[in-house]
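1. can't give you the sequence, but here's the structure:
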């Protein structure tokens, strides 16, 4: 996995989900011996990450 942080242009991109593939939550719960619904609330958690945001033109470097 690669993550990149850079100054982003305000209003560009869209919020990225906290858990990109929520199908994994049932498997995670099962792995810990919990009922499948236990971690389902995590699909409602939002992040402050923007996916596909444009690089800010306000900074030169």
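-> Thanks, I have it. This one's a predicted model, so the numbers in the text were calculated from it and none came from an experiment.
2. low-confidence regions, the protein specifically.
-> For the chain, the stretches with pLDDT under 70 are 61.
3. strands along that one, start to end?
-> Listed in chain order, the strands of the chain (DSSP state E) span 14-15, 50-51.
4. just give me the neighbour total for the nearest residue to residue 50 once chain neighbours are set aside.
-> Excluding the flanking residues, the one nearest residue 50 by CB to CB, 6 or more residues apart in numbering is residue 13, at 3.6 Å. For glycine as for every other residue, the C-beta is placed from the backbone atoms N, C-alpha and C. Per other CB atoms under 10 Å, the neighbour tally for residue 13 reads 14.
5. try residue 39
-> A count of nearby residues for residue 39, using other CB under 10 Å, gives 19.
6. who's in contact with it?
-> Listed by CB atoms under 8 Å, 6 or more residues apart in numbering, the contact partners of residue 39 are 25, 26, 28, 29.
7. excluding chain neighbours, what is closest to the second one?
-> Using CB to CB, 6+ apart and skipping the chain neighbours, the partner closest in space to residue 26 is residue 36 (4.4 Å).
8. for the first one, same thing?
-> Spatially, and ignoring its direct neighbours in sequence, residue 25 is nearest to residue 39 (4.4 Å; CB to CB, 6+ apart).
9. roughly how far does the one you found sit from residue 17?
-> Distance, residue 39 to residue 17, by CB to CB, to the nearest Å: 14 Å.
10. can you check residue 58 too?
-> 27 Å.
11. quick one: which of these two has more around it?
-> Each of residue 58 and residue 17 has its neighbours counted (other CB under 10 Å); residue 17 has more, 15 against 8.
12. quick one: contacts for that one?
-> Counting by CB under 8 Å, 6+ apart, residue 17 touches 43, 46, 47.
13. so residue 52 touches residue 9, yeah?
-> No. In this structure, residue 52 is not within contact of residue 9 by CB atoms under 8 Å, at 10.9 Å.
14. who touches stretch 51-61?
-> Defining contact as CB under 8 Å, 6+ apart, one finds that stretch 51-61 is touched by 6, 7, 8, 9, 10, 12, 13, 14, 15, 16.
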